[in-house]
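S.K.: this is a predicted model, with the sequence first.
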Amino acid sequence: MTDLKISLIQSDLYWGNIEANLAYFEEKIWAISEEIDLIVLPEMFSTGFTMNVKQLSEPPHFRTFRWMVQMANQKKSVIMGSYIIKEKNSYFNRLYAVYPDGTYRYYDKKHLFALGKEQDFFEPGEEKTIITIKGWKICPLICYDLRFPVWSRLNSNGLDLYEYDVLIYIASWPKMRINAWDTLLSARAIENQSYCVGVNRTGIDGNGLEYLGHSCVYDFLGDRQADLGTSVTTLTTVLSKEGLNLFRSKFPFQKEADPFNFL
């Protein structure tokens, strides 16, 4: 039962400036002195949440991806964050989880934010991705996905009772709806008997939207284990596999969950 040590980086972003953001987050990552299993960055960490896809997108495995590979290798940690990918003639809000050996998994944001016209510029993802770190099963999702509980619902499909152990949401979630962010992160933890991690940005973006942060780690009871508040900061916390397994064994609610399939 190996614990999982994760670092959450909550920060303002340089609007539309890839080089400045990569340099900034490199400093933040190198400031983490401990050995870390997973380092999590916000949504569109290299640009901010922008629809300027023609100017700011990158092909797969280009500049930002190579930077993530370098950071993962040098820190011996998995690096996770999303940025704008152009693949053929389509654009994706793509989350990468890059391992120290250069291997990776990715997830394309499923639920595109209609109020921000995200669907006019990006293609939606079609399936969830489960990654593994030190035996932990992790389901990474992006921002607006948080509002759709069926997409994140544990689904055993007759196989392993627990599809994942940790939900991670990276986001650009604005101040005006921050109460929903706080509430839904806790709800996702409770209903799935899992840890739930949310990493949000701070500051004001190029569209004038303000972000408060409120990055948090919720345990399997829906209680806050770690809270970054509203400041620009990095926080490291440890997730207990023994605690999670004990809770699930004492309260095996997932056995009564309704089976379902995505059509």
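M.R.: Here it is on my side, so go on. Numbers count the residues shown, from 1 in each chain.

S.K.: make it CA atoms for all contacts and neighbour counts henceforth
M.R.: Fine.

S.K.: pLDDT score for residue 254?
M.R.: In this model, residue 254 is scored at 86, pLDDT.

S.K.: which SS class is it?
M.R.: The three-state label for residue 254, taken from DSSP: H, G, I helix; E, B strand; the rest coil, comes out as helix.

S.K.: wait, doesn't it sit right on residue 161?
M.R.: Yes - if you go by Cα atoms under 8 Å, residue 254 and residue 161 touch, sitting 7.0 Å apart.

S.K.: how about the helices in the chain?
M.R.: Remark: helices of the chain, listed N- to C-terminal, are 18-30, 53-56, 63-75, 149-152, 178-192, 241-250; assignment by DSSP state H.

S.K.: quick one: which of those is nearest residue 143?
M.R.: Among the helices of the chain, the nearest to residue 143 by Cα to Cα is helix 178-192 (9.0 Å).

S.K.: who touches the closest one?
M.R.: 146-147, 149, 152-154, 167, 173, 195-198, 212, 214, 218-224, 254 (Cα atoms under 8 Å, 6 or more residues apart in numbering).

S.K.: ok, of the residues you listed, which come out buried?
M.R.: A residue is treated as buried here by neighbour count (16 or more other Cα atoms under 10 Å); on that basis the buried members of the contacts of helix 178-192 are 146, 152-154, 167, 173, 195-198, 212, 214, 218-224, 254.

S.K.: which ones among those are found in strands?
M.R.: Within these, membership in strands is found for 167, 195, 196, 197, 198, 212, 218, 224, as judged by DSSP state E.

S.K.: quick check, nearest of those residues to residue 13?
M.R.: Within these, the smallest distance to residue 13 is 12.5 Å, found for residue 212 (Cα to Cα).

S.K.: what's across from that closest one in the sheet?
M.R.: Counting by DSSP bridges, residue 212 forms beta bridges with residue 202.

S.K.: from what I can see it touches residue 202, true?
M.R.: Yes - because the distance of 5.0 Å satisfies Cα under 8 Å, residue 212 is recorded as touching residue 202.

S.K.: who touches both of those two?
M.R.: Common neighbours of residue 212 and residue 202 are listed as 230, 231 (criterion: Cα under 8 Å, 6+ apart).

S.K.: tell me the buried residues in stretch 239-259?
M.R.: Applying a neighbour-count criterion of 16+ other Cα under 10 Å, one finds 239, 241, 244, 248, 254 buried in stretch 239-259.

S.K.: ditto for stretch 5-15
M.R.: If you call a residue buried by 16+ other Cα under 10 Å, then stretch 5-15 has these buried ones: 5, 6, 7, 8, 9, 10, 11, 12, 13, 14, 15.
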